[in-house]
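> Here is a sequence together with a model predicted from it:
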Amino acid sequence: MTLSTSNPLIQVEDDRTGLSVETLKRALADNLFYVQGKFPAIATKHDCYMALAFTLRDRLLQRWLNTFQTYLSKENKVVCYLSAEFLLGPHLANNLINLDLWGPIEQAVTESGLNLQELIDLEEEPGLGNGGLGRLAACYMDSLATLEIPAIGYGIRYEFGIFDQEIKDGWQVEITDKWLQLGNPWELARPEAAVTVKLGGHTESYQDEEGNYRVRWVPGSILKGIPYDTPILGYRVSTANNLRLWRAEAAESFDFQRFNVGDYYGAVNDKITSENLTKVLYPNDEQIQGKELRLAQQYFFVSCSLQDMIRIHLHENQGLENFHESFAVQLNDTHPAIAVAELMRLLVDERRLAWDQAWDITQKCLGYTNHTLLPEALEKWSLGLFGYLLPRHLEIIYEINRRFLDLVRIKYPQDGEKLARLSLIDEGGEKYVRMAHLACVGSHAINGVAQLHSELLKETVLKDFYELWPEKFSNKTNGVTPRRWMVLSNPRLSQLITNHIGQGWIKNLDDLRQLEHFADDARFREQWREIKRDVKLDLARYIERQNHLLVNPDSLFDVQVKRIHEYKRQHLNILHVIHLYLQLKNNPNLDIPPRTFIFGGKAAPGYYLAKLIIKLINAVGDVVNKDPAIGERLKVVFLSDYNVKLGQRVYPAADLSEQISTAGKEASGTGNMKFSLNGALTIGTLDGANIEIREEVGAENFFLFGLTTPEVAQLQSRGYHPWDYYNGNPDLKAVIDLINCGFFSHGDGNLFRPLTDSLLGSDPFLVLADFQAYVEAQAKVGQAYQDQERWAKMSILNVARMGKFSSDRAIREYCQEIWRIEPVNVELEDLCPDGQCLLIER
């Protein structure tokens, strides 16, 4: 707020920070004119979106800089969250909610002759993630800011993200995700904070001036890491933490010498090669070039981030002896596990700390979150590739391993097998560096992400480490932010809840328990059902626009949206669809409710069977949706290019949430939480966080089926024979036979053979073993849905009992039990009092 120069008693709001409608209108017009360089007559809708985004960003920057200033003025420990993915979703609407500016902005936009929802819909989704790992990181960044925890998120600024998915003739087609082509108004480039990163080359040993043994890394190439910062604002607080993403750039972008002798390609070759590093999320690593690029990506962002932390620390400290008191570094899965070796390199080689001191700092700094039980997802790199790309790090890992195995020998003398299992190097056949092992040895804390997952870690893939260091292990069940996944995604239901219990639940999700007694209120149930139908109608209209298919909003919306993978068992779902289709064909008078089966998700480009599952879903849809004998009773929809924006449409509209992974394979899941939080009932196995959701909502409000984790292990150990299930179940046989005869492939009986052969041959995820139990559970779903009063009550109780699954709860547990960090209150102050901007030294 500043004083008018003509009349000192009149206060005029600053266009960049003011919150009144008139000030917001003026700011919107100024940003269109001065930032976009357009006036209304020639401005596009996207120009108007950008002007609105800059208007919001100005208000974020005030809070962001206040946050930085507060952190600099106090000795705060800071969480550094290292993640290969941050699946943020669009910023505009989320920031409107967190700033509590929806009403004023909507009025300002409307009075400016624009439509707010149209502008929100124009925002490109940041292509910075793929699935649950990246979305969890985004939820955690939201909660860290909301809880006023000092934090920095570190990752990669992917130029093209993973890919946009199109469906052509039923097949997934990958299209370049050009999310940055029109600019990103939410980020600020910080080229002055660039760091250098080495790759390849060789090492040389030498003695320093004090006669100590040292190693010098002589790189084959050098890159620059350019940081791009995005403010992450908390809900109705002044804390805005930083998300810092790194872009790779050549140390020298242009070689004049090569250009002058006519080598025009060579003149820019370093630039092209270097920038490829951060082009795409998860390059296809079937070929050696893809593996090399993926390892280089992981090392690049980890090295940039650790160097940045050291720079920040040395701004306020003389040395690095207390580095672990400044930062708690959390490794989000094994992708950033190279941080163990890189931090040691930086401390020992670059800063010349003694090995033991550096190791103590490293272990105290780092914590490791494991997200998978699948052996193939526990990353390992061949020694040849690792040594070629990171020669110094391989030496450091050898030394870490030598010292570690010496400790193991003392505890377990003459146990060579345990030694081999614990070693950081896999010696069986081709030798590999085990990244999960490196993370375990180099971290002071190791956690799983659901109770079952954490127990299975201790019993299976990390059993030896648990026996060695049980005190390191804990569980931190995942959570989701109710701000995006309820307040933003489902505003009508959120308003109904707020009208009855107040708005405290938005920051304290346990308050939803107050809804329980409304489950018996007939008027409340009626309102609940009306809102659900309105949201389903919205999704039905979207499906009509995108898929050119009419679906009945009164049908049961049965939804499975997630990454396409055999262990997630989308093929079990589609086998049930075919089974229902056959039932209706054989008995048109069958008394079952109409269903709309909705699928969505991307398959990895090199994962053929996952792509074949997508083709089968679409092929079944082509037949079922056009069969006049079926009509509206059964519809199959595949929503292409599933992402956060689409999830915000889908989760609120779902009646049934499909969480049907093979027991013991899903670490946690967060989609299951989003569905339940929005009132969907769950059909699922005892896998991941399903177990805890069922415990919370009540077994009577959950449709359970399938083998348990011990039963899966027992069946596989005694010998699993899928053919026995095929031959012993006429319904299952009829479904498989219908696929194999070419009914869904225009008579081509071979198209889906790789999938059915896999099911009948090995069926690694026990689809056939669980088929009958799944069919029976689905029959119970149908019966329950026909009693709409009962269904509404179950839906209300699901929402009322989801308090545990807030990401706020998860972050509090990390803060108390792993990071040892307290909140820091940020007061919103004018950084430019009396027009004199404060200079904040970097």
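Arrived safely.

> all strands for the stretch 501-650 of the chain, in order.
556-561, 595-600, 634-639 (DSSP state E, counting those that start in this stretch).

> helices and strands around the first one, which ones?
When contacts are defined as 3 or more C-beta pairs under 8 Å, 6 or more residues apart in numbering; DSSP states H and E, strand 556-561 packs onto strand 595-600, helix 644-653, strand 656-659, helix 767-786. (Each C-beta comes from the backbone N, C-alpha and C, glycine too.)

> Hey, what's the angle from the second one to strand 556-561? Just curious.
Comparing the axes of helix 644-653 and strand 556-561 via axes from the mean of the first three to the mean of the last three C-alpha atoms, to 10 degrees yields an angle of 150 degrees.

> Tell me the buried residues in helix 644-653?
Under the neighbour-count criterion of 16 or more other C-beta atoms under 10 Å, helix 644-653 has V644, K645, L646, G647, Q648, V650, Y651, P652, A653 buried.

> Reformat those into JSON lines and put pLDDT and distance to R311 next to each item.
Supplementary listing: these in JSON lines, determined by pLDDT from 0 to 100; distance: C-beta to C-beta, whole Å:
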{"residue": "V644", "pLDDT": "96", "distance to R311": "32"}
{"residue": "K645", "pLDDT": "96", "distance to R311": "36"}
{"residue": "L646", "pLDDT": "97", "distance to R311": "39"}
{"residue": "G647", "pLDDT": "97", "distance to R311": "37"}
{"residue": "Q648", "pLDDT": "97", "distance to R311": "37"}
{"residue": "V650", "pLDDT": "98", "distance to R311": "42"}
{"residue": "Y651", "pLDDT": "98", "distance to R311": "40"}
{"residue": "P652", "pLDDT": "98", "distance to R311": "44"}
{"residue": "A653", "pLDDT": "98", "distance to R311": "47"}
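
> So which of the helices and strands packed on strand 556-561 is nearest I396?
Distances from I396 to each of the helices and strands packed on strand 556-561 were compared by C-beta to C-beta, and the smallest falls on helix 644-653, at 38.0 Å.

> still on that earlier bit, got CSV for the buried residues of helix 644-653, with distance to L394 too?
Formatted as CSV, the entries for the buried residues of helix 644-653 read as follows, by distance: C-beta to C-beta, whole Å:
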residue, distance to L394
V644, 38
K645, 42
L646, 42
G647, 41
Q648, 44
V650, 45
Y651, 45
P652, 50
A653, 51
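
> right, so of the helices and strands packed on strand 556-561, which gets closest to V624?
Ranking those by distance to V624, with C-beta to C-beta as the measure, places strand 595-600 first at 8.8 Å.

> strand partners of the closest one, parallel vs antiparallel please.
Strand pairing for strand 595-600, using DSSP bridges, gives strand 556-561 (parallel), strand 634-639 (parallel).

> Out of the ones you listed, which gets nearest to Q783?
Comparing the strands paired with strand 595-600 by their distance to Q783 (C-beta to C-beta), the top pick is strand 556-561, with 11.2 Å.

> Quick check: mean pLDDT of that closest one?
Mean pLDDT, taken over the full extent of strand 556-561, equals 98.

> what's in contact with it?
536, 539, 570, 573, 593-601, 639, 642, 646-647, 650, 653-658, 660, 671, 675, 680, 781-782, 785 (C-beta atoms under 8 Å, 6 or more residues apart in numbering).

> Kindly calculate the angle that it makes with helix 767-786.
When the same axes, to 10 degrees is applied, the directions of strand 556-561 and helix 767-786 differ by 140 degrees.

> to the chain's geometric centre, what's the distance from strand 556-561?
Its chain's C-alpha centre lies 21 Å from the corresponding centre of strand 556-561 when counted by C-alpha atoms, centre = their mean, to the nearest Å.
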